[in-house]
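1. Here is a sequence with its predicted model. Questions after.
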Amino acid sequence: MVCLRFVLFLSYKFLSSWKKQSLIIVLVISGAVAIYLFSYSMLNGMIKATLDKSLGLAIPHVEITCLENESYIKDVNKLYSLLYESREVSSFSPRLIHHVIVRLGSRSIGVELRGVDIRREDSVSGILQYIVSGNNTLESSAILIGERLADKLGVESGDRVFIVFPNGKVLKVKVIGIFDTGILQFDESVVYADLRYVSEAMNETGKVNNIIVKVTDPRVAEKVSSFLRDEGYNARCWKEIAENLVKLLKTEEEFTGILMETILVMTSLGIMNVIILLTESKKRVIGILKSIGAMSSEILLVYLFIAVVYGFIGFIIGGIIARIIADIVGSITIELMTTSLRVSFIWDVKTILLSLGFSILASTISCAFSAYKASTLKPVEVMRFG
């Protein structure tokens, strides 16, 4: 039967005699843990920043569009009732979308004109928080445009431009406000106008061809879109709309995982070399202990216990190092596709627990070979060649 007190005593003796080597091992593990925590906390921050920036604004939680071969959403009043009654839906915004040309002098640019009730639109997309000049009171013959589009046209708030509708109708409108979301493609290709104004210009009173929905939690978006499809509407959740974004985030996560696996292998190999040397230095002691009755399982547990101690201490020190570096850095700005993101480091319980597992795993893997060799050592071999 294994004697736990003997295992703990022997572990203490080994550790106290390996001071310099133990310091090296702990520092190696601490460095690996610091990289692990720093990388994954940054990845968590990037995912959150990307979703916060995109969802609701460029990418709605749920989008309802026309069925194939139809120009407008049918049974729209029934749809409104379903959305009002759903507990998962916090708000929604009807739209009448057309592709038009904005013209000023010799400059003409094709854009997506969104006829909206601006208050409803803001409750879903939060567009009004990005207004950088002018005001947000959409009325007849007024539009909101992106800053990049304004720069291309050479206009400012208060200037007037022409809008050429698909039916050939040309209207002169006032740029009432300019927004800057930081999403380059969005800011140069989207224009907002009053829903009633657009519907009258296109003789489409009471019609909509697009509805965006904000849900209480992005995780239930798929459930809401599935329910609406069952009701006969063409609905998609944000994961279906933004497949490229989801793939990009998944790729980034996989890349970080590969990086961590590489670090794990390199750390384990480095520690393994030190542990093998330490085992060699204790062969005679282990042989004597086994000759007076120490069990192989006890010797194995000694090494595994030492590995856990190394891993836990390395986790504590590495965590402190990572947190200090993250606090010094604060946040970083990265370019993702066509937008810039300010990424903060996010520490969650899952990341911390995984880093602890990573630390102990690296240490245990490193000690496994030496632990096996030490536990299978035959006393007679040590006595013969020691």
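-> That came through fine.

2. which residues of the stretch 51-200 of the chain score low on pLDDT?
-> For the stretch 51-200 of the chain, applying pLDDT under 70 flags the ranges 53.

3. May I see the buried residues of stretch 77-93?
-> The neighbour-count check on stretch 77-93 (16 or more other CB atoms under 10 Å) flags L79, L82, L83, S86, E88, V89, S91, F92, S93 as buried. C-beta here means a position set from N, CA and C on the backbone, and glycine is covered the same way.

4. now stretch 260-280
-> Residues of stretch 260-280 classed as buried under the neighbour-count rule (16+ other CB under 10 Å) are M260, I263, L264, T267, S268, G270, I271, M272, V274, I275, L278, T279.

5. same deal with stretch 57-70?
-> Neighbour-count burial for stretch 57-70, counted by 16+ other CB under 10 Å, picks out L57, A58, I59, P60, H61, V62, E63, I64, T65.

6. Can you report how many residues lie near the closest residue to E252 other than its chain neighbours?
-> Of all residues beyond its chain neighbours, the one nearest E252 is L43 (6.5 Å), with distances taken as CB to CB, 6 or more residues apart in numbering. Counted with other CB atoms under 10 Å, the neighbours of L43 add up to 20.

7. For the helix or strand hosting L43, could you pull out the residues that count as buried?
-> L43 is part of helix 19-54 when elements are defined by DSSP states H and E. For helix 19-54, burial by neighbour count (16+ other CB under 10 Å) applies to 21-22, 25-26, 28-47, 49-51, 53-54.

8. what do you get for stretch 313-332?
-> Neighbour-count burial for stretch 313-332 [16+ other CB under 10 Å]: I313, G314, F315, I317, G318, G319, I321, A322, R323, A326.

9. Could you work out the end-to-end span of stretch 109-123 for me?
-> The first and last residues of stretch 109-123 sit 28 Å apart, counting by CA to CA, to the nearest Å.

10. So E254, which state does it fall into?
-> The three-state label given to E254 by DSSP: H, G, I helix; E, B strand; the rest coil is helix.

11. follow-up on the earlier one: inside helices: which ones of the buried residues of stretch 260-280?
-> Taking DSSP state H as the definition of helices, the buried residues of stretch 260-280 contribute M260, I263, L264, T267, S268, G270, I271, M272, V274, I275, L278, T279.

12. Out of those, which comes closest to I176?
-> M260 (50.3 Å; CB to CB).

13. Check the nearest residue to that closest one once chain neighbours are set aside and give its pLDDT.
-> Once flanking residues are discounted, M260 sits nearest to Y36: 5.7 Å by CB to CB, 6+ apart. If you check Y36, the pLDDT there is 83.

14. and what of M272?
-> Value for M272, per-residue pLDDT: 71.

15. Pretty sure V215 is one of the things V89 touches, is it not?
-> Yes - applying CB atoms under 8 Å as the test, V89 and V215 come out as touching, 5.9 Å apart.

16. got any residues that touch both of these two?
-> Residues touching both V89 and V215 (CB atoms under 8 Å, 6 or more residues apart in numbering) are V224.

17. and M260, what does it touch?
-> I35, Y36, S39, Y40, F358.

18. so which two of those are the farthest from each other?
-> S39 and F358 (10.9 Å).

19. follow-up on the earlier one: of the contacts of M260, closest to F227?
-> Y40 (34.5 Å).

20. Leaving out chain neighbours, which residue sits closest to L67?
-> Leaving aside its sequence neighbours, L67 sits nearest to N234 (CB to CB, 6+ apart; 5.1 Å).

21. Apologies, that question was intended for I101.
-> In this structure, I101 finds its nearest non-sequential neighbour in V164, 4.2 Å apart by CB to CB, 6+ apart.

22. quick one: I163 and I101 touch, right?
-> Yes - with contact defined as CB under 8 Å, I163 reaches I101; the gap is 7.3 Å.

23. so what sits against both of these two?
-> With CB under 8 Å, 6+ apart applied, the contact sets of I163 and I101 do not overlap.

24. Looking at these two, which is more packed in?
-> Taking neighbours as other CB under 10 Å, I163 and I101 compare with I163 leading, 22 against 15.

25. Specify the beta-bridge partners of that one.
-> For I163, the beta-bridge partners are V102, L171 (DSSP bridges).

26. got a list of what it touches?
-> Contacts of I163 by CB under 8 Å, 6+ apart are V100, I101, V102, R103, L113, I143, V170, L171, K172, V173, V191, A193.
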